[in-house]
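Q: Below is the sequence, then the predicted model.
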Amino acid sequence: MKKLWIFSIILLMLLPLWGSEFERLKALEESGVQNADLFYNLGVTHWQLGDSGLSVQYFLKALNIDSAHSGAKANMNYVIGLSEDRELYPKHGFLLRLAMQGYDFLNLDRLALTLIILFFIFVLSLSWLLFYDEEKERALPELITGIALLIFLVFALLSGVKYYRYKHNNKAVMIADRADMMTEPREDSRRIAVTHEACILVVEKQEEEWALVRSPDGKSGWVMTQQLGFIKE
Amino acid sequence: MKKTLALITLLLPLFLFGLSVTASVNKLTIELGDRLAYTLQVKDSKRINISEPAAPQIEGMTFLNMSGSSGSSTSFINGTFSSEQYRNFTYFYSPQGEGEINIPAQKITIANKVYTTQSFNIKVIKGDGSSSRRGSSTPFGNFGSDDDFLPWRSEKVQGRSMILATLEKSKVYKGEPLIVSYYLYTDQMVRTFSIDDEIDFAGYGKSIFEQPTSLEYETVQHKGKRMQRALLKKLTLLPRQEGSLKIPRLKGSARIYEFGYSNLEMVSEDRSFEVISLPSQGVPKSFTGAVGSFTVSSEVKEKEIALGEAITLTLRIAGRGNFNQFGNPELTSTNAQISSPVPVDNLEGGIKGSRRLFYTIVPAEKGNYQIPSLEFSWFDTDSGKYRTYNDESESVKVKSANVASYFSGLLEGDKPATIRPMINRDSYPSFRPLFHRIWYWLALCLILIASIFAWRVSRNLAQERRDPKSFRIKRAENRLKKELDTAQNLAKNLDMGFYSHAETVLTGYLFDKYDIPTGMSNDEKLESLHELAIDRDLIAEIGDFLGICSSRRFQPQGADFIEISSDFVFFRKLVREIIKNGGKKQ
């Protein structure tokens, strides 16, 4: 009983701190700070407040900055796993999941560093090839240079794709309890499907108050933009 | 002293017209049944923007109502016009008995500053019966027509306001949620209502089902009278004991506007409801206290899995009932690992909606796995009977594990069991990708430049390997061109080193191009050039220049500007001719 009292007192003392921390985080976000940990913490606080849609939105924002943010990834999967629409997400095989995890591990900065290292390796192997005695068999330096160039080009492509996605992330999260996906951007049009809070959607087009979105199971329909939380505002 | 007085005189208006709060009463001696008007006046030189202070609590007096007024005045002091604003808040009280009554000093907070007023002692005496206000101690009593300090006449204050509670049912089962709605019924202008207290009685637990933030009126008929009704609060009661139980008593105060504002304190009427016990006969084994009206279903998505993979069984309980008061059914199996159920609620007020329970089952052996039957029992309040749900036992085919299955544990991080906590950070620097940093691109440029340099060097090396002779000639020519600049600088500075430098460069070139050793005498060098079929004029010029170099170097007085300049011009001409035609005959 005594422990319970002590715990309650500590909790009461910490509650205002928690409140002020949340306000501090919100103020930082409103001041334009883009930080993966900030968005992660905002996601956690929104989850604690019962806003699963907003929490997923913030976890996605954190992952947009740092795709290797393990906390944001784990929490997002946790919230999605509890959402109504969790069955809509495609289930991938082990190897594809492994590849996707590898792609996520390479966040923008890691890709940038890898790219510069690969470029250096390519230049070294190229120099080796250039300085290699013309009289000798050149297959090995040619092979090494070719592989180095190929890897460098693959990583350059990956970096380009990742950077483009970072700048133009077209994902959005359903923040309303539920919303109808319509055939036309009108309330009186036919309903295609229903999406629920915390469902991750891909925005294909936007028209004033409506957005054409694609659900995880591939269905496309129009929903009101006010029901969506965009990753890139 | 005079200066100080003048300063005080000049600053006096500022002191006079700063914010001030004063209190006053209309009478220090009043009769029983008479009204006391207690006025708080706030003055300031600026516009006063404050909300009205709460009515002071005066022991021995009953607060009736209050009124407010505001205005401004302008004065001329020491040649300066000053404007002054004021707001009056007048509170009316009725004495409860004879004697001395103290009105304590009031503390009024305006713009984070506390202002204290003076206190008053009021003497209440028994009246001689002449007071027309006698006997009207209720807030909405008959105020006399001679009540000159009241801004309205009593007969205008009419109407009724009350709190009524409605119950969904008058009879409920023990554990069955009951919603009680408290409404404000009124035919007056109630602008706001504040709930001051809620008095609970024994026998139930309670939670808020709904609490509106403003008064949303609807017109209703109450006892044949047309009235306005607004919802104040909806409570969910969860009865824990049988018998007749009293609903919570709601206390609050309404702020009524009628030619001014007045407060009216109200208490909800007492109401009771009957709680019936659950039948003791036929209680199912799996009954864990669920009471309500539910529909139950279960689902297994997987039909076939590999060994090591998981099956998810979902149990859905939907409807209305005491969701927060019953336990979740457990699953057990000897040939599988089964997790505790993870509940996900979608409930309104904790009593309406649905609950989904997720069970994760990992079979231990391959073959046909029979999912154990799941049982959930509840007391159905509609039929008054216990009911039990038994899911249809399903079987899932468990295949042999494939190679990938052995590594499935690597990706278990994808399926966390709980939310991860916040990360402690003192600061949150804004993210700037490396692609946006200048040093990143500088490093990249550096590598690029190094690669271009390497390419050029390697090209030269390759050329040297392919044709060493022509490469050496080309290199000798390049060197000659380069050394021409050095020679020019030496000549400009009248440095006698010009001659030795020019001689060295020239003989070095002859060595690089024609393999004529530098150790030979000038005559021997020229002889060798003749043997190589070089243009005779050029050989002669080379011979002349080498001769000039030898003679100038040992010239005791050194060379003057004209000599060294003309020698440099000669040297330059010689170099150009050598480079131009490679020394071949034209």
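A: That came through, no problem.
Q: Any buried residues in stretch B:428-436, and which?
A: B:428, B:431, B:433, B:434, B:435 (16 or more other Cβ atoms under 10 Å in any protein chain shown). Where C-beta positions appear, they are placed from N, C-alpha and C, glycine not excepted.
Q: which phi and psi does the third one have?
A: What it means is residue B:433. Dihedral pair for residue B:433: phi -60, psi 160, per degrees, to the nearest 10.
Q: same check, this time on the second one
A: With angles defined as degrees, to the nearest 10, residue B:431 sits at phi -80, psi 130.
Q: what about it, distance to residue B:478?
A: 51 Å (Cβ to Cβ, to the nearest Å).
Q: Same question for the last one.
A: Distance from residue B:435 to residue B:478, counting by Cβ to Cβ: 41 Å.
Q: ok, now the third one?
A: With distances taken as Cβ to Cβ, residue B:433 is found 45 Å from residue B:478.
Q: which stretch of helix or strand covers the residue nearest in space to the middle of chain A?
A: For chain A, the residue nearest the mean C-alpha position is residue A:63 (3.6 Å; Cα atoms, centre = their mean). If you go by DSSP states H and E, residue A:63 is part of helix A:52-65.
Q: Export that helix to PDB, keeping only CA atoms.
A: Taking Å, rounded to 0.1, in the frame of the first residue of the first chain, the C-alpha atoms of helix A:52-65 are listed here in PDB:
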ATOM      1  CA  SER A  52      -3.200   5.900 -33.300                       C
ATOM      2  CA  GLY A  53      -3.500   7.700 -36.700                       C
ATOM      3  CA  LEU A  54      -1.300  10.600 -35.600                       C
ATOM      4  CA  SER A  55       1.200   8.300 -33.900                       C
ATOM      5  CA  VAL A  56       1.600   6.300 -37.200                       C
ATOM      6  CA  GLN A  57       1.900   9.700 -39.100                       C
ATOM      7  CA  TYR A  58       4.800  10.700 -36.800                       C
ATOM      8  CA  PHE A  59       6.500   7.400 -37.000                       C
ATOM      9  CA  LEU A  60       6.400   7.600 -40.700                       C
ATOM     10  CA  LYS A  61       7.800  11.100 -40.500                       C
ATOM     11  CA  ALA A  62      10.700   9.800 -38.400                       C
ATOM     12  CA  LEU A  63      11.300   7.000 -40.900                       C
ATOM     13  CA  ASN A  64      11.200   9.500 -43.800                       C
ATOM     14  CA  ILE A  65      14.200  11.200 -42.300                       C
END
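Q: And the next helix or strand past that helix?
A: Toward the C-terminus from helix A:52-65 - assigned by DSSP H and E - lies helix A:70-82.
Q: Show the subsequent helix or strand relative to that next one.
A: Past helix A:70-82, the next helix or strand by DSSP H and E is helix A:94-105.
Q: If we go by neighbour counts, what in that following helix is buried?
A: A:94, A:97, A:101, A:104.
Q: Report whether the longest helix anywhere in chain B contacts chain A.
A: Secondary structure of chain B per DSSP state H: the longest helix is helix B:438-466. Yes: on the criterion Cβ under 8 Å from any Cβ of the partner chain, helix B:438-466 is in touch with chain A at B:440, B:443-444, B:447-448, B:450-451, B:454-455, B:457-459, B:461-462, B:465-466.
Q: Just the buried residues of those.
A: B:440, B:447, B:451, B:454, B:458.
Q: ok, the fourth one to residue B:474 distance?
A: Spelled out, that is residue B:454. Relative to residue B:474, and taking Cβ to Cβ, residue B:454 is found at 20 Å.
Q: Report how many residues lie close to residue B:567.
A: As a burial measure, residue B:567 scores 20 neighbours (other Cβ atoms under 10 Å in any protein chain shown).
Q: what's the answer for residue A:126, then?
A: 19.
Q: Could you verify that it is part of a helix?
A: Yes: according to DSSP: H, G, I helix; E, B strand; the rest coil, the state of residue A:126 is that of a helix.
Q: Which residues lie in contact with the closest residue to it other than its chain neighbours in this structure?
A: Distance criterion Cβ to Cβ, 6 or more residues apart in numbering or on different chains; nearest residue to residue A:126, sequence neighbours excluded, is residue A:145 at 5.3 Å. Going by Cβ atoms under 8 Å, 6 or more residues apart in numbering or on different chains, residue A:145 touches A:122, A:125, A:126, A:128, A:129.
Q: Which one of the residues you listed is nearest to chain B?
A: Closest approach between the contacts of residue A:145 and chain B, by Cβ to the nearest Cβ: residue A:126, at 6.5 Å.
Q: That closest one touches residue B:451, doesn't it?
A: Yes: counting by Cβ atoms under 8 Å, residue B:451 is a contact partner of residue A:126 at 6.5 Å.
Q: tell me, how many neighbours does the residue nearest to residue B:508 when sequence neighbours are not counted end up with?
A: Nearest residue to residue B:508, sequence neighbours excluded (Cβ to Cβ, 6+ apart): residue B:518, at 6.7 Å. Each residue near residue B:518 was counted by other Cβ under 10 Å, and the total is 12.
Q: Go ahead and confirm residue B:518 touches residue B:511.
A: Yes: counting by Cβ under 8 Å, residue B:518 does reach residue B:511; the two are 5.3 Å apart.
Q: Neighbours of residue 108, how many?
A: As the question left the chain open, I've gone with chain A. For residue A:108, using other Cβ under 10 Å, the count is 22.
Q: wrong one, I was asking about chain B
A: Residue B:108 has 18 neighbours, counted by other Cβ under 10 Å.
Q: C-alpha coordinates for the host helix or strand of it, CSV please?
A: Counting by DSSP H and E, the element that carries residue B:108 is strand B:107-110. Coordinates of the C-alpha atoms in strand B:107-110 are reproduced here as CSV (Å, rounded to 0.1, in the frame of the first residue of the first chain):
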residue,chain,number,x,y,z
LYS,B,107,-8.4,39.6,-2.7
ILE,B,108,-8.9,40.4,-6.4
THR,B,109,-6.3,39.3,-8.9
ILE,B,110,-5.9,41.4,-12.0
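Q: can you give me how far that strand is from the chain middle?
A: 34 Å (Cα atoms, centre = their mean, to the nearest Å).
Q: Would you mark the buried spots in that strand?
A: B:108, B:110.
Q: Show me chain A divided up by domain.
A: Residue ranges for the domains of chain A, per automatic domain parsing: A:2-88, A:106-167, A:171-230.
Q: does any part of the helix or strand following the longest helix of chain B sit near chain A?
A: Next along the chain after helix B:438-466, taking DSSP H and E as the criterion, comes helix B:468-492. No: if you take Cβ under 8 Å from any Cβ as the test, helix B:468-492 misses chain A, and the best it gets is 13.5 Å.
Q: and the angle from helix B:468-492 to helix B:438-466?
A: For helix B:468-492 against helix B:438-466, the angle by axes from the mean of the first three to the mean of the last three Cα atoms, to 10 degrees is 120 degrees.
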